[in-house]
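Undergrad: I'd like to go over a predicted model; first the sequence, then the structure.
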Number of protein chains: 2
Amino acid sequence: MPKRENISMSVIRRLPRYYRFLLQLQKSGVVRISSTELSARLGLTASQIRQDLNCFGGFGQQGYGYMVEQLAEAIGNILGVSNRYRTVLFGAGNLGSAIAAHMNFKDLGFDLIGIFDNAPSKVGSIIRGIAVQDTKNFPAFYAQQKPEMAVLCTPRTAAERIVDHLYQLGIRNYWNFTHYNIAMKYPDTLVENVHLNDSLLTLCYQISNQEGNEH
Amino acid sequence: MPKRENISMSVIRRLPRYYRFLLQLQKSGVVRISSTELSARLGLTASQIRQDLNCFGGFGQQGYGYMVEQLAEAIGNILGVSNRYRTVLFGAGNLGSAIAAHMNFKDLGFDLIGIFDNAPSKVGSIIRGIAVQDTKNFPAFYAQQKPEMAVLCTPRTAAERIVDHLYQLGIRNYWNFTHYNIAMKYPDTLVENVHLNDSLLTLCYQISNQEGNEH
DNA sequence: TAGATTGTTAATCGATTAACAATC
DNA sequence: TAGATTGTTAATCGATTAACAATC
């Protein structure tokens, strides 16, 4: 791998979009694309796209552009999609079940290998071929499977307890749907938060404050 | 309302967090808080918090700090939580059902008043007290209820058709879980995207590229 | 009054955009 | 070679942080 170091989050958050779009182009048979065309289709500037890509190396060819397939593969590698991070999910309620059933973990670098909940009513139900286990079983499961990432879809208070436990076992990577601030308590963790409430509130703000709606 | 104009998205995206945290403080009986204390608890700088709040007005008192209850209420008003934007949701699959059942729309400025899907197997099922209707019924529903926001939880291709339809009817506000780029096609819409795949890929990148993991 | 903490201006830092030389 | 488009440096823009005067 070439350069790579101190890549800003702004850049990293654009990579999945590039990746997604390039795969789409590839599927529709496009072989080559220029930064200008990419920028037009994505609503960004060509400059930004070239700048972003060049954080990781020169994938293009002067006077020609980028090979779609090759660039898609390169970005996939940068993102690490062919990793198989063993993943467990906590909280088999509405949201947790949906995430387990809906997400294509495999294509995104993760293997979902276990689902845990402490409600007896949930334990035993099958989601995407995985039986929900009692959270009590997790220590034994951990010892055997050594998962390295945890998805948190529990209520907030449960999340605090669970993270204490997972952290102590050695899990440092979290996809966090709760409002519990993991990184604040454990600074050496790696947390990606999904705050659905905050997202919806942002929309609420925008609707309330858009032009012609200042009541 | 005082100032307010050209508030940057960076600021707006922090407001829900302030709001959430202040409600929590309020519940635990805290009456007053300084920007310094807030900053420590949230992991931000005091300067940033004061700067953010002063986009909307002076809510504090020199030498004293901010009244928790009053500030929470002010931010709630800025966000518009007491709005009752009539909302419909499209796509009663795993994700859509979970969003419908899990989100507290009421507390966040929205009223979920209808759920639509075009799979006969879904139509008629009840989610959070709302019967899923056939998408075919939407025009009649729209004429009666005039919803003003739509949540999109369908596959991407369905989303394109649905948005064309909703846009033509006059709906301009979207909470979009699909990868269809609404704002690109309809620039006068207001769209809040939730891209779960992108979020997970970002985590994948971070795990793959964290210190001591450069394989 | 003295101490504390805001509101606000100025300085810094980082991210985006523009420009252009290198080169395919 | 001429035309096109990248890679990269420099200029601009915006967001964050620091500093401090105003004031409760």
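TA: That came through, no problem. Residues are numbered from 1 along each chain as shown, chains lettered A, B, ... in the order given.
Undergrad: For the biggest helix by length in chain A, buried residues please.
TA: Criterion DSSP state H: the longest helix present in chain A is helix A:9-27. For helix A:9-27, burial by neighbour count (16 or more other C-beta atoms under 10 Å in any protein chain shown) applies to A:12, A:14-23, A:25-26. The way it works is simple: take the backbone N, C-alpha and C, and place the C-beta from them, glycine included.
Undergrad: now the very next helix or strand once past that helix: mean pLDDT?
TA: As assigned by DSSP states H and E, the chain's next helix or strand after helix A:9-27 is strand A:32-33. Mean pLDDT, strand A:32-33: 98.
Undergrad: For strand A:32-33, name the packing helices and strands.
TA: Strand A:32-33 is packed against strand A:66-67, helix A:68-79, with contacts defined by 3 or more C-beta pairs under 8 Å, 6 or more residues apart in numbering or on different chains; DSSP states H and E.
Undergrad: Nearest to DNA strand C, out of the ones you listed?
TA: Across the helices and strands packed on strand A:32-33, DNA strand C has its closest neighbour in strand A:66-67 (11.5 Å, C-beta to the nearest atom of the strand).
Undergrad: Can you pull the residues of chain A lying near DNA strand D?
TA: A:34-36, A:46-47, A:50-51, A:53-54, A:58-66 (C-beta under 7 Å from any atom of the strand).
Undergrad: quick revisit: quick one: the helices and strands packed on strand A:32-33 as CSV, columns for mean neighbour count and mean pLDDT too.
TA: As requested, the helices and strands packed on strand A:32-33 are arranged in CSV below (neighbours: other C-beta atoms under 10 Å in any protein chain shown; pLDDT from 0 to 100):
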stretch, mean neighbour count, mean pLDDT
strand A:66-67, 20, 98
helix A:68-79, 20, 98
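Undergrad: Can you give me the neighbour number for the closest residue to A:Thr189 other than its chain neighbours?
TA: Closest residue to A:Thr189 apart from its sequence neighbours, by C-beta to C-beta, 6 or more residues apart in numbering or on different chains: A:Arg172 at 5.0 Å. Look at A:Arg172: counted by other C-beta atoms under 10 Å in any protein chain shown, it has 17 neighbours.
Undergrad: List phi and psi for A:Arg172.
TA: phi -120, psi 0 (degrees, to the nearest 10).
Undergrad: Model confidence score at the residue nearest to A:Gly76 when sequence neighbours are not counted, please.
TA: Spatial nearest neighbour of A:Gly76, excluding adjacent residues (C-beta to C-beta, 6+ apart): A:Tyr19 at 6.1 Å. On pLDDT, A:Tyr19 comes in at 98.
Undergrad: Now do the same contact list for A:Tyr19.
TA: A:72, A:75-76, A:79, A:81, B:201 (C-beta atoms under 8 Å, 6 or more residues apart in numbering or on different chains).
Undergrad: okay if I get those residues as TSV plus distance to A:Thr178?
TA: Below are these laid out as TSV (distance: C-beta to C-beta, whole Å):
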residue	distance to A:Thr178
A:Ala72	33
A:Ile75	30
A:Gly76	29
A:Leu79	25
A:Val81	26
B:Leu201	20
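Undergrad: Next, count neighbours for A:Ala140.
TA: 10.
Undergrad: buried sites along the one helix or strand it maps to?
TA: According to DSSP H and E, A:Ala140 maps onto helix A:138-145. Within helix A:138-145, the residues scored as buried using 16+ other C-beta under 10 Å are A:138, A:141-142.
Undergrad: So what touches that helix?
TA: So helix A:138-145 is contacted by A:86, A:88, A:113-114, A:116, A:133, A:147, A:165, A:169 (C-beta under 8 Å, 6+ apart).
Undergrad: Take the residues you listed and keep only those in strands.
TA: A:86, A:88, A:113-114, A:116, A:133 (DSSP state E).
Undergrad: what's the farthest-apart pair in those?
TA: Pairwise distances across these (C-beta to C-beta) peak at 14.8 Å, for the pair A:Arg86 and A:Gln133.
Undergrad: Looking at the two now, which is surrounded by more residues?
TA: A:Gln133 (20 against 14).
Undergrad: which residue packs closest to the more buried one, ignoring adjacent ones?
TA: A:Phe116 (5.4 Å).
Undergrad: again, but for A:Ile113
TA: A:Arg86 (5.2 Å).
Undergrad: Just grab the bridge partners of the one you found for me.
TA: Beta-bridge pairing of A:Arg86, defined through DSSP bridges, involves A:Asp111.
Undergrad: A:Ala150 is in contact with that one, correct?
TA: No - assessed by C-beta atoms under 8 Å, A:Arg86 is found out of contact with A:Ala150, at 10.1 Å.
Undergrad: any low-confidence regions in chain A?
TA: Residues of chain A meeting the criterion pLDDT under 70: A:1-5, A:211-215.
Undergrad: how about a cut-off of 90?
TA: A:1-6, A:210-215 (pLDDT under 90).
Undergrad: Get me the contact residues on chain A for DNA strand C.
TA: A:8-11, A:44-45, A:47-48, A:50-51, A:61-64.
Undergrad: Farthest pair within these?
TA: Going by C-beta to C-beta, the pair spanning those furthest: A:Met9 and A:Gly63, at 32.4 Å.
Undergrad: picking that back up, any idea which helix or strand comes after the helix holding A:Ala140?
TA: Following helix A:138-145 toward the C-terminus (DSSP H and E): strand A:149-152.
Undergrad: what's that next one in contact with?
TA: A:85-91, A:96, A:99, A:110, A:112, A:159, A:162-163, A:166, A:171, A:173-178, A:180, B:203, B:207.
Undergrad: Which neighbours in the sheet does it have, and how are they oriented?
TA: strand A:85-90 (parallel), strand A:173-176 (parallel).
Undergrad: out of these, deepest packed?
TA: Most buried of these by mean neighbour count (mean count of other C-beta atoms under 10 Å in any protein chain shown) is strand A:173-176; its value is a mean of 24.
Undergrad: Could I get the buried residue list for stretch A:150-163?
TA: Under 16+ other C-beta under 10 Å, the buried positions of stretch A:150-163 are A:150-154, A:158-160, A:162-163.
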